[in-house]
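Enquirer: fold the following and give me the result.
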Amino acid sequence: MVPGLIKKGIAKVKEVRFVDTTIRDGQQSLWASNMKTEHMLAIMPYLDAAGFESMEFIATGSRLKKFVRHLKENPWDWIKGGAASAKLTPLRWHGTISGRTLSGYVPSSVGELLARKAVDLGIRYIRTGNNWNDYSVMKSQMERLDGLGMIPVVNVIYSVSPRHTDEYYVERTKEAAALSPYRLCFKDVGGLLTPERVRQLIPKLIDASPGMTWEFHGHCNNSLGPVNALEFAKLGIAVIHTAVPPLANANSQPSIFNVAANLRVLAFDPQVNEEVLSPVTQYLTRVAKREGLQIGVPYEYDEMPYHHQVPGGMVSNLRYQLSLAGIEDHLEDVLTEIEHVRADLGYPIMVTPLSQIVGTQAAINVIVGERYTQVTDATIEYALGRHGREAPSVMDQGVRDRILDRSRAREIEVQEDWEPTLGELRQKYGVSMSDEDLILSAIVGDDALDVVGSSSKTNYKVASPKPLAELIHELLANGSNKALQVKDGQFSFSVVRGA
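Expert: Alright, predicted model coming up:
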């Protein structure tokens with residue numbers, strides 16, 4: 001707050017609230033979703049005390065598979081432990097409750113059971129949408145969410161292409177508002193917005209959605225995310241998504257510290273207590289250094305994102321996957337090829353799973369040395385319209401013919417998604433299996449419980465966000481604690497107060 005400006009009547013203080021993305025999009029964008037449950041639980045009390053309006057907490061599908069396949073953790077440890085730790089701040093789900101993703105198809109019965117379990121744990125808000133901004137197909141989804149007791153925030157996703165004009169966004173905004181969601185969220189998934197574009201486009205969308213509350217969710221790929229956040233606030237959009245460093249900036253959301261400080265200079269009143277968040281930054285920075293994970297820093301301006309439009313979360317994942325294949329040095333070649341593949345496929349918005357379909361196909365084209373000689377099943381599904389009904393009509397028809405002119409495409413074309421009932425799933429996995437274990441088996445795979453065990457057993461440990469020396473000092477400073485023993489496997493030592 002700037003009191004002098006208020007007294008002189010130059011500006012009026014307006015509250016700005018924040019949705020924290022640290023443990024969802026922040027770590028997805030910078031750590032390729034490699035945050036462990038113990039890391040999340042260590043910082044949750046501080047995030048919970050900071051005064052955020054809400055926190056994005058979990059995404060389904062590929063995120064659940066990441067827990068099991070890569071981290072060897074049971075996702076229910078994260079979901080249940082995190083829900084119990086958030087005593088003051090509402091938690092949010094991000095994504096859809098069912099449907100086709102890059103990592104497989106989530107049947108409606110499974111998605112709805114997962115949603116019911118989330119609601120039972122107090123997770124009632126969901127930020128959702130359609131990858132093509134095609135709201136004509138979302139009416140039934142909104143009805144299902146309402147019946148499940150979930151409160152939807154609907155995305156309007158930003159993109160840059162010959163198709164994505166002001167007129168396009170005005171029309172799609174009207175369609176999204178007609179769904180009567182709790183809020184609309186302007187989502188700059190690729191970090192492509194500029195302050196000039198915000199001032200040009202956003203007032204038109206506000207006018208097209210009278211009475212609707214908006215949020216802003218933007219990435220920092222082009223370095224302008226923090227400035228864009230201020231522009232949204234100036235236009236009256238007072239709910240901004242931010243993250244806590246080191247999981248802010250770079251490909252993530254703007255830093256809460258930076259945005260809040262700048263808002264105060266502009267005579268806004270940011271509703272957050274940054275002092276509470278210092279231990280989060282200190283702890284996560286130590287984790288990043290110890291485990292070789294990225295520390296987010298502001299980027300210099302880069303023109304390349306406007307060509308490949310790879311979203312924040314995908315950059316780290318793409319680099320990670322290429323490194324696993326031993327070809328990380330081909331990243332720039334793949335990013336260049338992504339621009340060509342996206343044009344061939346009709347300029348899909350680069351958001352999950354469309355961005356992964358484009359990126360994976362581009363990587364295959366680079367490795368093989370020729371376009372579309374080899375294609376993924378997901379690329380075939382895209383050409384068949386299974387990842388969006390607009391795709392077959394907007395993509396290059398010559399490319400589409402080439403993708404579908406193969407025996408594998410004809411096999412996929414006659415396949416139908418399996419829509420099992422919960423009764424059928426229980427017959428498959430066991431009639432006495434818990435809901436949590438059933439969901440995990442159905443989404444991740446038949447062997448999920450063999451990898452991480454049943455959700456009925458707590459398999460996580462809660463780490464302290466403080467260095468060991470500081471923690472020992474605090475424990476011994478408590479008059480009731482006279483001695484302390486630290487033991488890890490065969491290593492142990494004891495400290496006695498006053499000795």
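Enquirer: now the helices for the stretch 51-200 of the chain?
Expert: Remark: helices assigned in the stretch 51-200 of the chain by DSSP state H, counting those that start in this stretch are 62-69, 75-85, 108-120, 139-148, 166-177, 195-207.
Enquirer: may I have the phi/psi pair for residue 123?
Expert: The phi/psi pair for residue 123 (degrees, to the nearest 10) reads phi -90, psi 100.
Enquirer: that one: what's it in contact with?
Expert: 57, 58, 79, 83, 91, 92, 93 (CB atoms under 8 Å, 6 or more residues apart in numbering). C-beta here means a position set from N, CA and C on the backbone, and glycine is covered the same way.
Enquirer: is it correct that residue 191 is in contact with residue 251?
Expert: Yes. Judged on CB atoms under 8 Å, residue 191 makes contact with residue 251 at a distance of 7.0 Å.
Enquirer: so these two - more neighbours on which side?
Expert: residue 191 (29 against 26; other CB atoms under 10 Å).
Enquirer: now that one. Nearest residue, chain neighbours left out?
Expert: Excluding the flanking residues, the one nearest residue 191 by CB to CB, 6 or more residues apart in numbering is residue 221, at 2.9 Å.
Enquirer: surely the one you found meets residue 304?
Expert: No. Assessed by CB under 8 Å, residue 221 is found out of contact with residue 304, at 9.1 Å.
Enquirer: out of these two, which sits in the busier spot?
Expert: Using other CB under 10 Å as the criterion, residue 221 and residue 304 rank with residue 221 on top: 27 against 14.
Enquirer: which residues of the stretch 351-499 of the chain score low on pLDDT?
Expert: Scanning the stretch 351-499 of the chain for pLDDT under 70 picks out 463, 466-482, 484, 486-493, 497-499.
Enquirer: quick check: residue 230 vs residue 218, distance?
Expert: Computed with CB to CB, to the nearest Å, the distance linking residue 230 and residue 218 is 11 Å.
Enquirer: correction: residue 429
Expert: 41 Å.
Enquirer: so which of the contacts of residue 123 are in strands?
Expert: Mapping the contacts of residue 123 onto strands (DSSP state E) picks out 57, 58, 91, 92, 93.
Enquirer: ok, so of those, who is nearest residue 160?
Expert: residue 92 (26.9 Å; CB to CB).
Enquirer: quick one: pLDDT of residue 320?
Expert: Residue 320 carries a pLDDT score of 76 in this model.
Enquirer: ok, the one 5 residues further on next?
Expert: Residue 325 is assigned a predicted lDDT (pLDDT) of 76.
Enquirer: ok, now which ones touch residue 377?
Expert: Counting by CB under 8 Å, 6+ apart, the residues that residue 377 touches are 408, 412.
Enquirer: what about it, distance to residue 406?
Expert: Residue 377 is 11 Å from residue 406, by CB to CB.
Enquirer: ok, now which ones touch residue 314?
Expert: 350, 352, 355, 356, 359.
Enquirer: element containing it?
Expert: Taking DSSP states H and E as the criterion, residue 314 maps to helix 312-324.
Enquirer: ok, back up a step: which one's more surrounded, residue 429 and residue 218?
Expert: A side-by-side neighbour count of residue 429 and residue 218, using other CB under 10 Å, places residue 218 first with 29 against 17.
Enquirer: hang on, residue 174 packs against residue 207?
Expert: No. Counting by CB under 8 Å, residue 174 sits too far from residue 207 to count as a contact (10.2 Å).
Enquirer: of the two, which one has the most company?
Expert: residue 174 (13 against 10).
Enquirer: once you drop chain neighbours, what's closest to the more buried one?
Expert: Using CB to CB, 6+ apart and skipping residues adjacent in sequence, the residue nearest residue 174 is residue 208, 5.2 Å away.
Enquirer: how about that neighbour, what does it touch?
Expert: 170, 173, 174, 177.
Enquirer: follow-up on the earlier one: min pLDDT across the contacts of residue 123, which one?
Expert: residue 58 (86).
Enquirer: quick check: that residue touching residue 27?
Expert: No. Counting by CB under 8 Å, residue 58 does not reach residue 27; the two are 11.6 Å apart.
Enquirer: which one of the two is surrounded by more residues?
Expert: Each of residue 58 and residue 27 has its neighbours counted (other CB under 10 Å); residue 27 has more, 26 against 23.
Enquirer: what's the neighbour count on the nearest residue to that one once chain neighbours are set aside?
Expert: With CB to CB, 6+ apart as the measure, residue 35 is the residue that lies nearest to residue 27, at 4.1 Å, once sequence neighbours are left out. When neighbours are counted by other CB under 10 Å, residue 35 registers 25.
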